[in-house]
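Q: Requesting a structural model of the entry that follows:
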Amino acid sequence: MPPNQLKWKRVLYEKQDVPDNYVDETFLDELRKNVNTTTYSFWPTVLESGVVTQQLSSVIIFVDSFVLMQEGEVSPHTLFAVSALLTLIAYVIYKSTASAGTVSISEQDGGNEESCIVDDIKAAITFLALAYGLAPILATLTESISTDTIYAMSTAMLLANLVLYDYGPSAAIVSGTVSFNAAMFASVCLASRLPTLWHTFATVTLSAEMFAMLPIFRKRLKGCYGSRVQAMMTLVLGLVALAGLWHISPPCAALFLILHTFITFVCPLWLLQIQPFKDNIHGPWDEAEIRSCDTQIPVHM
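A: Numbering: from 1, shown residues only. Next up is the predicted model:
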């Protein structure tokens, strides 16, 4: 650039005698690497992997229950009674943790705890009535479809539930709604292959408890009690899923144990090994980010 020419400035509102793609010698001075990079350690990463293995164990427990009912080793009445009892216990724990430190949604909206419990009871009764009333329709919904096709669709939907489940970090592929709907679709498909209406009713209610209520309960316990409860939930769900698989098929149980160990220990170790190779560059070529600052206005009572 000639000495008598004005110094170039990085602005758009001023016309300068340079091409639009011109950059000066200070362009790379603002180069930064690995800005806001999170440094991981092994054991906290192992504990956080429980979010994945817990959902995997939930899917396996649901499949175990279906197979045991189909083989006649577990009656639908027993399954419904046990799952309802465990759901009631989890609900009491959930409400006790909410009253201990957190504020429920109903309280934020101006409601009280009693009205929230009444609304929950009404919602539960409505769901059970609809599930039992629709059981004859669900039981005959896929009569014209072959059993192999039903099992293939159910497998695909349960895999979609695992892939699309909201494990915490935001990503384009994450969709909690699609994940839940995929699990419910799989449960309806599997329920249509069971012999009685009570089998269908128990399968649908179990799927709602495993894929709708249990994730909320797990997140509440993790938020209130931290890593110890997270590890305990991972261990309990993993052992229940492993015991059911071992009763049905020991080779499948061994495969599940290997997969569980790989996700829990090998994947965090792998992440730590590749972490030094992370090399994100940032500079003036990045897109502008608009950050808003929340200003608190004092309110005088």
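
Q: Can you pull out the low-pLDDT segments for the stretch 201-301 of the chain?
A: Counting by pLDDT under 70, the low-confidence segments of the stretch 201-301 of the chain come to 284, 288, 292-301.

Q: need the helices for it, in chain order.
A: Per DSSP state H, counting those that start in this stretch, the stretch 201-301 of the chain has helices spanning 214-225, 227-248, 250-261, 267-274. These are given in chain order.

Q: Quick one: those as TSV, columns for distance to residue 143 and mean neighbour count too.
A: Just so you know, the C-beta spots here come from the backbone N, C-alpha and C atoms, and that holds for glycine as well. Conversion of these to TSV gives the following (distance: least, CB to CB, whole Å; neighbours: other CB atoms under 10 Å):
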stretch	distance to residue 143	mean neighbour count
helix 214-225	31	16
helix 227-248	26	17
helix 250-261	29	14
helix 267-274	42	13
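
Q: looking at the ones you listed, which is closest to residue 26?
A: Nearest to residue 26 among the helices of the stretch 201-301 of the chain is helix 267-274; the distance by CB to CB comes to 33.3 Å.

Q: Now render the helices of the stretch 201-301 of the chain as TSV, adding distance to residue 40.
A: Formatted as TSV, these follow (distance: least, CB to CB, whole Å):
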stretch	distance to residue 40
helix 214-225	18
helix 227-248	14
helix 250-261	19
helix 267-274	6
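
Q: dump the residue contacts of residue 166.
A: For residue 166, the set of contacting residues under the criterion of CB atoms under 8 Å, 6 or more residues apart in numbering consists of 174-176, 179.

Q: ok, back up a step: can you tell me which of the helices of the stretch 201-301 of the chain is nearest to residue 94?
A: Closest to residue 94 of those is helix 214-225 (CB to CB; 5.6 Å).

Q: What is that closest one packed up against?
A: Taking 3 or more CB pairs under 8 Å, 6 or more residues apart in numbering; DSSP states H and E as contact, the helices and strands that helix 214-225 lies on are helix 50-70, helix 76-100, helix 227-248.

Q: Distance to residue 270 for the ones you listed - can I get that in JSON lines?
A: Written out in JSON lines, the entries for the helices and strands packed on helix 214-225 read as follows (distance: least, CB to CB, whole Å):
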{"stretch": "helix 50-70", "distance to residue 270": "14"}
{"stretch": "helix 76-100", "distance to residue 270": "34"}
{"stretch": "helix 227-248", "distance to residue 270": "19"}
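
Q: Which helix runs longest in the protein?
A: Ranked by residue count and defined by DSSP state H, the top helix of the chain is helix 113-139.

Q: how about that one: buried residues?
A: Of the residues in helix 113-139, those scored as buried under the neighbour-count criterion (16 or more other CB atoms under 10 Å) are 116, 124, 128, 131, 134-135, 138-139.

Q: what about it, distance to the chain center?
A: 24 Å (CA atoms, centre = their mean, to the nearest Å).

Q: out of the helices of the stretch 201-301 of the chain, nearest to residue 189?
A: Between the helices of the stretch 201-301 of the chain, helix 227-248 lies closest to residue 189; by CB to CB that is 19.0 Å.

Q: Just tell me which of the helices and strands packed on helix 214-225 ends up closest to residue 271.
A: Nearest to residue 271 among these is helix 50-70; the distance by CB to CB comes to 12.6 Å.

Q: list the buried ones in that closest one?
A: With burial defined by 16+ other CB under 10 Å, the residues of helix 50-70 counted as buried are 50-69.

Q: Neighbours of residue 87, how many?
A: 19 (other CB atoms under 10 Å).

Q: Need the distance between the two termini of stretch 278-286.
A: 18 Å (CA to CA, to the nearest Å).

Q: Can you tell me what sits against that stretch?
A: Outside of stretch 278-286, the residues within contact range by CB under 8 Å, 6+ apart are 10, 27-28, 30-35, 37.
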